[in-house]
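Student: Kindly return the folded structure for what I paste below:
(one chain, ligands or ions: 1)
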Amino acid sequence: MLVALFVCPLCQSPMQPAADTWRCDGSLNPKHISHPFDVARQGYVNLLPVQQKKSKAPGDSRQSIEARKRFLTAGHYQSLQALVCQKMAALLTTKKSSTNQKDKPINWLDIGCGEGYYTQAMAQTGMDILIAADISKPAVVELAKASKTLDQLWYQEIKDDFTKSAAIYPLVTSAAHLPLRAHSVDGISSIFSPILPAAFHEVLSEEGYLIIAKPDVGHLATMREALFDDVREHDSDKFLDELTPYFQLLETHRVSTELNLSAEDLADLMTMTPYAYRARSENRQALLQEVAVKPFETQANFVIYVLQKDRANL
Ligand SMILES: C[S@@+](CC[C@H](N)C(=O)[O-])C[C@H]1O[C@@H](n2cnc3c(N)ncnc32)[C@H](O)[C@@H]1O
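Tutor: Model (predicted):
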């Protein structure tokens, strides 16, 4: 049984997962009331109370999730997925060989997991528990359905020993109110997703890792030039200053990939990124007409940062 990895989003009391309903023990609640959270039939748990919602349907919309799913499963960002997983596997190998890790499960949080293209691959890199968290319910539903089909959910038995997967816990939750005990996870990944230095530092164990992937300089430059009159460059490193009090930067990696996109691919790419609503509609239409005649060429540039919780600020 897990030793209180999860805490109640309402009263912060320890909470135990179960296949039908998760319940906190109410020990930190002045009235000692236990809060129940049902497991949806798709296999996710909604731990986002209404008071933590800033809109009716927070996070990415169903439409953008479907577009991202089509685009990513076509393999356009496969090189990024491979590099993230390679770095994660290397960190986990180091972690497992450390003496104070003996017999303890390795817990990882993928925050802003979306529909799970990266998360599913991460599950094969060597952790025991993978918490897949996103504020968007449609995203977590997609991820849970896919994980259930592959028998990867925490309450399912993993059938295939050759592809050992982590047990996946799909959660609807906010990065600002993580339902996790302090110092309980060994690593966090944020792939094009929110970065909350203090909240991440709080839930990470001593020497815990943080992997961040972001667009790099020149990312989708030709697409952005076609959509906007004034193109602002990605400033990949800007956020690092905010992480400095909590984390030390261990490694930086860059990866680029040439994209040759059909009209459908390009429409999906625009829908899954903020470009869809920021671009002028006539620019968007002109670009889609152009690509109806010949494929659109652009380059995707990514940067990956590997950080570690700073021992000086535990
Ligand atoms: C650009 S998408 C990246 C999704 C996924 N990591 C990927 O790369 O395919 C950002 C994700 O962060 C989620 N998100 C936004 N704000 C969030 C928050 N405060 N807490 C948790 N997730 C959030 C969105 O719903 C969305 O799924």
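
Student: where in the chain is pLDDT low?
Tutor: In the predicted model of the chain, residues 1-3, 99, 158-163, 236, 276, 311-314 satisfy pLDDT under 70.

Student: Now residue 253: closest residue in space that isn't a chain neighbour?
Tutor: Nearest non-adjacent residue to residue 253, counting by CB to CB, 6 or more residues apart in numbering: residue 304, 4.5 Å away. Backbone N, C-alpha and C define where each C-beta goes, glycine included.

Student: just how off-centre is stretch 130-148 within its chain?
Tutor: Here the centre of stretch 130-148 is set off from its chain's centre by 10 Å, with CA atoms, centre = their mean, to the nearest Å.

Student: got it, and stretch 238-246?
Tutor: Remark: stretch 238-246 is offset 19 Å from the chain centroid, using CA atoms, centre = their mean.

Student: How about the contacts made by residue 267?
Tutor: Going by CB atoms under 8 Å, 6 or more residues apart in numbering, residue 267 touches 67, 288.

Student: Regarding it, what is its secondary structure?
Tutor: Of the three states, residue 267 takes helix according to DSSP: H, G, I helix; E, B strand; the rest coil.

Student: Isn't the residue nearest to residue 253 up against residue 82?
Tutor: No. Using CB atoms under 8 Å, residue 304 is not in contact with residue 82; the gap is 11.1 Å.

Student: ok, then the element right after the helix or strand that contains residue 66?
Tutor: According to DSSP states H and E, residue 66 maps onto helix 62-73. Scanning forward in sequence from helix 62-73 by DSSP H and E, the next helix or strand is helix 78-97.

Student: ok, the residue most central in space within the chain to residue 101 distance?
Tutor: With distances taken as CA atoms, centre = their mean, residue 113 lies nearest the centre of the chain, 2.7 Å away. Separation of residue 113 from residue 101 (CB to CB, to the nearest Å) stands at 24 Å.

Student: And residue 304 and residue 82? Which one has more around it.
Tutor: Higher neighbour count among residue 304 and residue 82: residue 304, with 22 against 12, using other CB atoms under 10 Å.
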